[in-house]
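Enquirer: Based on what follows, work out the 3D shape:
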Amino acid sequence: MSNEILLRHQLVWQKKPVLRLLYREWYQEIAGWLQPGQTLEVGGGTGNLKEFAPSVVCTDIVKLPWLDVVVDAQQLPFAKNSLANIVLFDALHHLENVRYFFDEAIRVLRPGGRVIIMDPYISFSSWPIYRFLHPELVDFGHDPLTLSPTQSGRKPFDANQAISTILFERSSRRFQEMYPSLKKLRHHRLAFFAYPLSGGFEHTSFVPMWMVRPVLAFERVLDIMSRYLAFRILVVLEKGSS
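Expert: Alright, predicted model coming up:
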């Protein structure tokens, strides 16, 4: 089932130029935050980061031709202090216990290494779309900083789209207290209109190609309203020297 979803997403990616244009903007920003050295992508899905960071080790929980290796983000098979970056694009909210991932990230990242996260953001505007038009849950009652027992029968694409909003806003102080070695360098709410109008990977696009860049420019003007308009959040964390 998971393989089928990613294969379908790969076809949508090839046939939907509006989506590629939007994601190119995001991937370019992510690439700009990468430290020199080995980069690991967790939950690589359709493998698109390779276009912007060709040496990235692209992984996922399922095996697909364009991925380099199958990896569980909660048990990373890498040595201590061996990685310069870990990228999670639409992956963090799929993890059953995010604390296991952050514990692993601190272990495998070298000092100065970075975790770069792009994930859904739940705002006044995005909540009804994510809640009613997207198959994944939006559950603010879940505490991602509390470890939970492994659920029997849990599928790789099971998710809670509220995870990053909880971690980096509603429970940000607790997260910082739990992971003091991870310094936040970037906290950017983005994707107001063009992204939802694109239909994502699941729906028809309602925005023509010629309109995307003007809409993105208008979004930058409205950045002060990001808490109410955003559909996505970009967070960059850097591991300290001690």
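
Enquirer: show me where this structure has helices.
Expert: Assigned by DSSP state H, the chain shows helices spanning 2-15, 17-32, 98-108, 126-132, 163-165, 172-178, 194-198, 209-221, 226-229.

Enquirer: nearest to Leu237, of those?
Expert: helix 98-108 (8.2 Å; Cβ to Cβ). Using the backbone N, CA and C atoms, a C-beta is placed for each residue, glycine as well.

Enquirer: for the closest one, packing partners?
Expert: Judged by 3 or more Cβ pairs under 8 Å, 6 or more residues apart in numbering; DSSP states H and E, helix 98-108 is in contact with strand 83-89, strand 182-190.

Enquirer: Of the ones you listed, which stretch is the most buried?
Expert: Among the helices and strands packed on helix 98-108, ranked by average contacts under mean count of other Cβ atoms under 10 Å, first place goes to strand 83-89 (a mean of 24).

Enquirer: Report the backbone C-alpha coordinates of the longest strand seen in the chain in CSV.
Expert: Assignment by DSSP state E gives strand 109-120 as the longest strand of the chain. In CSV, the C-alpha atoms belonging to strand 109-120 read as follows (Å, rounded to 0.1, in the frame of the first residue of the first chain):
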residue,chain,number,x,y,z
LEU,A,109,24.9,14.4,13.9
ARG,A,110,28.3,15.9,14.3
PRO,A,111,28.6,19.2,16.3
GLY,A,112,27.1,21.9,14.1
GLY,A,113,25.1,19.4,12.2
ARG,A,114,21.5,20.3,11.3
VAL,A,115,18.0,18.8,11.3
ILE,A,116,15.9,20.5,8.6
ILE,A,117,12.2,19.9,8.8
MET,A,118,9.4,20.8,6.3
ASP,A,119,6.0,19.7,7.6
PRO,A,120,2.3,20.6,7.7
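
Enquirer: hmm, who's touching the helix or strand of the chain with the lowest mean pLDDT?
Expert: Of all helical and strand segments in the chain, the minimum by mean pLDDT, DSSP states H and E falls on helix 2-15, at a mean of 73. By Cβ atoms under 8 Å, 6 or more residues apart in numbering, the residues outside helix 2-15 that reach it are 19-20, 45-46, 48, 60-64, 66, 155-157, 201.

Enquirer: let's see it at 7 Å
Expert: Residues outside helix 2-15 that contact it (Cβ atoms under 7 Å, 6 or more residues apart in numbering): Leu19, Arg20, Gly45, Thr46, Asn48, Val62, Leu64, Lys155, Pro156, Phe157, Phe201.

Enquirer: Number of residues surrounding Gly199?
Expert: Close neighbours of Gly199, defined as other Cβ atoms under 10 Å, add up to 17.

Enquirer: cool, Glu169 as well?
Expert: So Glu169, with other Cβ under 10 Å, has 16 neighbours.

Enquirer: go on, the one 5 residues further on?
Expert: Each residue near Arg174 was counted by other Cβ under 10 Å, and the total is 15.

Enquirer: Tell me which residues touch the closest residue to it other than its chain neighbours, please.
Expert: Spatial nearest neighbour of Arg174, excluding adjacent residues (Cβ to Cβ, 6 or more residues apart in numbering): Leu145 at 5.6 Å. Leu145 is in contact with Arg99, Ser171, Arg174, Phe175, Met178, counting by Cβ under 7 Å, 6+ apart.
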